[in-house]
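Visitor: Requesting a structural model of the entry that follows:
(chains A and B)
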Amino acid sequence: METKLKPSFLDEVASIPACGKINECVQCGVCSGSCTTAAHWEHPPRKIIAMVRAGMKDEVLNSSSIWYCVSCYLCTARCPRDIKPANIMHALEAIALKENYRPPTKTTTMYRSFARSIEQNGRIYEFGFMLEYFLKTNPFAALKMLPMAFSLLTHKRMPLLPKAVKGRHQLNQMFHNITTGGSR
Amino acid sequence: MEPRIGVYVCHCGSNIAGTVDVEKVAEFARSLPSVVVSRDYKFMCSDPGQDLIKNDIKELGVNRVVVASCSPQMHEPTFRRAAQDGGLNPYYFEMANIREHCSWVTESRKEATEKAMALVRAAVRRVYYHQPLEDKQVPVHPDTLIVGGGIAGIQAALEIANSGHKVYLVEKEPSIGGHMMQLDKTFPTLDCSACILTPKMSLVGAHPSIELMTYSEVDYVSGYVGNFRVKIRKKARYVDAAKCNGCGTCMTKCPVKVDSEFDEKLSKRKAIYTPFAQAVPNVTVIDKEHCTYFLKGKCRACEKFCERNAVDFQQEDEVLDIEVGNIILTTGYQAFDPTPIKEYGYGRLDNVITSLEFERMVNSAGPTSGHVLLKNGQEPKSVALIHCVGSRDEKYHAYCSRVCCMYAMKFAHLLKEHVQGTQVYEFYIDIRSFGKGYEEFYNRVQKEGTVFFRGRPGEVTDVAQTPAEKGKLIVQFEDTLVGKQRRLPVEMVVLCSGLEANKDAQDIAHTFNISLGKERFFTEKHPKLDPVATMTDGIFIAGCCQGPKDIPDTVAQASAAAARVLALIIKGKVEIEADTAFIDEEKCSGCRVCNLLCPYSAISYIEKDKVSRINEALCKGCGTCVAGCPSSAIIHRHFTDEQINAELEGILL
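Guide: Purely as a prediction, here's the structure:
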């Protein structure tokens, strides 16, 4: 398959703070060897880094792999060149969203529902968060979760109404700064 | 004679001219007082460049020379010689460093040019006050001190001693031999390490020109090139070396068992011991920390059974003063301890071992008589060799240790040879097989069936996820050439540790007044063109104390250091720069502050004249006494107040 390479992609990623050392990667593979989920990745993290350097922008940003990072940071702790692969995966996720690549997973919906819940209440509101996620993806899948939901409810582990933190306006200010202050 | 200054601005190709407007600097120099000629030229160090200086001295009557070019470390001797050839005293020369201090470290052309002009102005002002000086010659003591009795020290000692010159070889352990003695075979030829080393060791032990001092350390060094004075502490062995014939009866009778350092704690030695059977000298030593007599006040079994009455519990440390002309440091390395890399489980998981432990295990004289064994006494059916442990990793050592790829492949070969049907896996990042016959050895090991996986493992664990993994060590890694994460169960894991600087490298460097690099290896004078000399004249380095290297490179370096020393010995004298200090006895109050300050013990108090006086043969021109004298009575030749003030004004104007 002929792929269209975008050589500027490496510079684009390298210009993001905390991704600046991507070009120093020696492809040793300790990130993929350490990764808790890499067994399920189409392209392991080391390969994603190689693909970024090769300019394979579309393949990288359309890949489900970058969304599989669970932020355990084992890769980053063990990387001999201090590349911080986990940061790179999250930076790639951010580019994918900004440039309207359609991630082949439901992870974005999960992230967004989670973020909205925090934005509104200053803390996680499980019931609302899961409700939004299932409504936007597959409401029928929620049926499978019913026994667990019921169990959580009866043990008073999942309140039905949201509880907000104090000082919401400060939190709003923080979100505002993050979303308008650029990628920093 | 009125100073007539000639200024020469070097382009150094584009090294200087690429950043500094050299023509503008030369033109500026022309406007400075006393400058009679100012030129710029492509390469001042070339013959035509030097001829410019010589011609101007003859034809224009130039009697002071300023060259604005590179560091004086590079070409000061060249231009001093040019001035001398032209008929001037070589000290009528001053160098302005507009390369290392200017063009290489400044981006803006305008700023670099301004800085170059300031540096040239400073040199012009300074050279105005220069005075003619004469270099002095001092004799070179023909004896040499070599510190460290590994293969590097042995090689250097033999090279020098074979010319008939005396060598003192100091080793802190009870025997010479070093790390090479611990190795089983050597890559890529598979020579038995001990078999090629022990003949050299016995040559050293018997050589009439080598005075071997084992179990000894250097306490203090003073003096300078050609004339070092050294204090060596011979630690008490509690065995009289003149009487002991190495029969070994004491070792069999000693009741105390201690982990053997030589066998990497895989076997036991006694409290009175030689580290290994072929020790040179073959004289036992009592380990005071473990000896029952020293701990509890009784036992003395060794003394009772020694037929030659060689055991002497009253022995004390002995300090020897020697004089030598040159010193070679061959203090070697230590193996990286992989304990801090928790994910590889060394010290926590059985059957995860280090490379030196493997070397001892696979050696027929080692603790298992050459059998590679698991903790349970069985032979491993599968072994993983992990490269780059502690090397090529910013958290430990960023450098490549240069030998691990090759010794790991040697291990693969030895495993196939020693353990029938065992499966061997190498986990590497890059294979660095750069030496003669090394790539061929890589190919040989591949042919023998060793499997190479490209990928630095993430972890070694004993937590099984499948029945096949039960009871095994699991190496989790990415096969990077396939792009898949894998888990590989094996029975033994060898961590191929890198080489690092000795833990006491800092102390050694301090004792011998040489410098250390970032990774604590000794710094050579020039990384390419002067790799065995140091910034301290008369002190040379060879082997792994300078950086990780294999045996052939170590031996080559040791021979090179010996050649450098022999050149000095044979010439018999060395020129010392004339920039020494002297005391104006009219001004000296006799306070003696300088006597104590001088690091070279060059100043003494003359009782009858009530003044201090400097022995110029000992003075190194460091300037400490000049700054310390409360009466400003000490004058530093070539660094007079007049000269330094003029230089400062030149920069600050």
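Visitor: So residue 145, which state does it fall into?
Guide: Just going to use chain A. Following DSSP: H, G, I helix; E, B strand; the rest coil, the label given to A:Met145 is helix.
Visitor: Sorry, I should have been clearer: chain B.
Guide: strand.
Visitor: number of nearby residues for it?
Guide: Using other CB atoms under 10 Å in any protein chain shown, B:Leu145 has 27 neighbouring residues. (Each C-beta comes from the backbone N, C-alpha and C, glycine too.)
Visitor: How about the contacts made by A:Glu126?
Guide: With contact taken as CB atoms under 8 Å, 6 or more residues apart in numbering or on different chains, A:Glu126 is in contact with A:Leu152, A:Met158.
Visitor: Identify the residue spatially nearest to B:Asp259, adjacent ones excluded.
Guide: Ranked by CB to CB, 6 or more residues apart in numbering or on different chains and with sequence neighbours excluded, the top spatial neighbour of B:Asp259 is B:Lys265, at 4.1 Å.
Visitor: distance of that neighbour from B:Met361?
Guide: 12 Å (CB to CB, to the nearest Å).
Visitor: Give me the more crowded residue out of these two.
Guide: B:Met361 (23 against 13).
Visitor: pLDDT at the more buried one, what is it?
Guide: B:Met361 is assigned 97 on the pLDDT scale.
Visitor: SS state for it?
Guide: Criterion first, three-state DSSP; result for B:Met361: helix.
Visitor: which residues of the chain score low on pLDDT?
Guide: Here I'm looking at chain A. A:1-3, A:181-184 (pLDDT under 70).
Visitor: Show me what from it comes close to chain B.
Guide: A:26-35, A:38-39, A:41, A:43-44, A:46-47, A:74, A:78, A:80-82 (CB under 8 Å from any CB of the partner chain).
Visitor: Now with 7 Å, please.
Guide: Contact residues (CB under 7 Å from any CB of the partner chain) of chain A with chain B: A:26-30, A:32-35, A:38-39, A:43-44, A:46-47, A:78, A:80-82.
Visitor: Filter those down to the ones in helices?
Guide: Among these, the residues falling in helices (DSSP state H) are A:Val30, A:Ser32, A:Gly33, A:Ser34, A:Arg46, A:Lys47, A:Arg78.
Visitor: in chain B, which ranges drop under the pLDDT threshold?
Guide: Looking at chain B by pLDDT under 70, you get an empty list.
Visitor: domain parsing for it?
Guide: For chain B, the structural domains run B:5-135+B:645-652, B:144-235+B:317-332+B:502-571, B:249-305, B:334-500, B:581-636, going by automatic domain parsing.
Visitor: quick one: B:Leu568 from B:Asp143, how far?
Guide: Relative to B:Asp143, and taking CB to CB, B:Leu568 is found at 12 Å.
Visitor: Identify the contacts common to these two.
Guide: Listed as contacting both B:Leu568 and B:Asp143 by CB atoms under 7 Å, 6 or more residues apart in numbering or on different chains are B:Gly325.
Visitor: Enumerate every residue touching B:Cys545.
Guide: B:Leu329, B:Thr330, B:Thr331, B:Gly332, B:Phe521, B:Phe522.
Visitor: Give the closest residue to it in space, chain neighbours not counted.
Guide: B:Thr331 is the one closest to B:Cys545 (CB to CB, 6+ apart), at 4.4 Å.
Visitor: Please state the backbone phi and psi of the one you found?
Guide: Dihedral pair for B:Thr331: phi -90, psi 0, per degrees, to the nearest 10.
Visitor: what's near enough to touch it?
Guide: Applying CB under 7 Å, 6+ apart, the residues contacting B:Thr331 are B:Val147, B:Gly148, B:Asn502, B:Ile508, B:Cys545.
Visitor: Surely the third one is in contact with B:Phe336?
Guide: Right, the one you point to is B:Asn502. No - judged on CB atoms under 7 Å, B:Asn502 makes no contact with B:Phe336 at a distance of 11.9 Å.
Visitor: Comparing the two, which residue is more hemmed in?
Guide: B:Phe336 (24 against 17).
Visitor: Please look at that one and B:Leu495 and confirm they touch.
Guide: No - under the criterion of CB under 7 Å, B:Phe336 makes no contact with B:Leu495, lying 9.0 Å away.
Visitor: intersection of neighbour lists for the two?
Guide: B:Val389.
Visitor: Would you report the backbone torsion angles of the closest residue to B:Val221 other than its chain neighbours?
Guide: Nearest non-adjacent residue to B:Val221, counting by CB to CB, 6+ apart: B:Val230, 5.2 Å away. For B:Val230, the backbone dihedrals (degrees, to the nearest 10) come out as phi -130, psi 140.
Visitor: With the one 4 residues further on instead?
Guide: When read as degrees, to the nearest 10, the backbone of B:Lys234 gives phi -90, psi 110.
Visitor: Can you give me the neighbour number for it?
Guide: So B:Lys234, with other CB under 10 Å, has 18 neighbours.
Visitor: what do you get for B:Pro90?
Guide: There are 20 residues near B:Pro90, going by other CB under 10 Å.
Visitor: So it sits against B:Arg80, correct?
Guide: Yes - between B:Pro90 and B:Arg80 there is a contact under CB under 7 Å: 3.8 Å.
Visitor: Can you give me the domain boundaries for chain A?
Guide: Using automatic domain parsing, chain A is parsed into the domains A:8-98, A:107-180.
Visitor: Centre of the chain to the longest one, how far?
Guide: Average the C-alpha atoms of domain A:8-98, do the same for its chain, and the two points are 12 Å apart (CA atoms, centre = their mean, to the nearest Å).
Visitor: same deal with the shortest one?
Guide: From the chain centre to the centre of domain A:107-180 is a distance of 16 Å (CA atoms, centre = their mean).
Visitor: Name only those of the residues of chain A next to chain B that count as buried.
Guide: With neighbours counted using 16 or more other CB atoms under 10 Å in any protein chain shown, those contain these buried positions: A:26-30, A:32-35, A:38, A:43-44, A:46-47, A:78, A:80-81.
Visitor: possible to save the contacts of B:Cys545 as a markdown table with secondary structure?
Guide: Converted to a markdown table, those look like this (three-state DSSP):
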| residue | secondary structure |
| --- | --- |
| B:Leu329 | strand |
| B:Thr330 | coil |
| B:Thr331 | coil |
| B:Gly332 | coil |
| B:Phe521 | coil |
| B:Phe522 | strand |
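Visitor: Tell me the one of these nearest chain A?
Guide: B:Phe521 (19.7 Å; CB to the nearest CB).
Visitor: burial of the closest one, as a residue count?
Guide: Neighbour number of B:Phe521 under other CB under 10 Å is 22.
Visitor: now B:Ile386, nearest residue through space, not along the chain?
Guide: Nearest residue to B:Ile386, sequence neighbours excluded (CB to CB, 6+ apart): B:Phe427, at 4.9 Å.
Visitor: Is there a neighbour count for the residue nearest to A:Ala141 when sequence neighbours are not counted? I'd like the number.
Guide: What sits nearest to A:Ala141 in space, not counting adjacent residues and going by CB to CB, 6+ apart, is A:Phe134, at 6.1 Å. Residues within reach of A:Phe134, counting by other CB under 10 Å, total 19.
Visitor: so A:Phe134 touches A:Ala142, yeah?
Guide: Yes - in this structure, A:Phe134 is within contact of A:Ala142 by CB under 7 Å, at 4.0 Å.
Visitor: related to what we said a few turns ago, kindly reformat the domains of chain A as TSV containing distance to B:Gly205.
Guide: What follows is the domains of chain A, written out as TSV (distance: least, CB to CB, whole Å):
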stretch	distance to B:Gly205
domain A:8-98	44
domain A:107-180	71
